[in-house]
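Participant: test case, fold it:
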Amino acid sequence: MVILFLGFLGSLFDDKQSTTKSINGAETTENAAPVATSKPKIEILSTNDKADQFMSSVYIEVRNNSNKTAAYADFKSYYLDANGAVIASGLGNLSDFGPGETKTVQIITTDNLDAAKKYRVEINNVMWQ
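Facilitator: Alright, predicted model coming up:
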């Protein structure tokens, strides 16, 4: 049931942006869509990764550059090995994200990241009010 719901929501989303960062390294931002002259509606401002013995997290700071409230937004992290292959992923979300607000989102994974060399963070889905 949840999968069908997310599939339905897919038609309501836009503004694909991703950020790739080496584990504890330098950051680059890439737009999945052609580069526009305006800022994306939801913008990834920064990322920071942390790990403990039970899970790994990426904390992302995001800003709502639109004039609408995002009722729901989710974000995915993809962990890449030395060859660039995805070996793990994580998910985080937020709700009630008002115009001009900046929030921090925790993206969590419990996958084994021993072979991970870098990670990529993407804005996955946004549902606007």
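
Participant: pretty sure G90 is in a helix, no?
Facilitator: No - according to DSSP: H, G, I helix; E, B strand; the rest coil, G90 belongs to no helix; its state is strand.

Participant: pretty sure it is touching Q106, no?
Facilitator: No - between G90 and Q106 there is no contact under CB atoms under 8 Å: 9.2 Å. Every C-beta, even on glycine, is put in place using the N, C-alpha and C of the backbone.

Participant: more neighbours: which of those two?
Facilitator: In this view G90 and Q106 are compared by other CB atoms under 10 Å, and G90 has more residues nearby, 22 against 15.

Participant: so how far is K39 from that one?
Facilitator: Separation of G90 from K39 (CB to CB, to the nearest Å) stands at 25 Å.

Participant: ditto for T110
Facilitator: Computed with CB to CB, the distance linking T110 and K39 is 33 Å.

Participant: over to K118?
Facilitator: Taking CB to CB, one finds K118 at 25 Å from K39.

Participant: the two: which is more packed in?
Facilitator: K118 (20 against 12).

Participant: ok, now which ones touch the more buried one?
Facilitator: Counting by CB atoms under 8 Å, 6 or more residues apart in numbering, K118 touches T20, K21, S22, I23, G25, Y79, L80.

Participant: could I get those residues as a markdown table with secondary structure?
Facilitator: Below are the contacts of K118 laid out as a markdown table (three-state DSSP):
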| residue | secondary structure |
| --- | --- |
| T20 | strand |
| K21 | strand |
| S22 | strand |
| I23 | coil |
| G25 | coil |
| Y79 | strand |
| L80 | strand |
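
Participant: could you identify the most distant pair in those residues?
Facilitator: Using CB to CB, those span at most 13.2 Å, a distance reached by G25 and Y79.

Participant: can you check which residues contact both of G90 and Q106?
Facilitator: Contact criterion CB under 8 Å, 6+ apart; residues shared by G90 and Q106: S57, V58.
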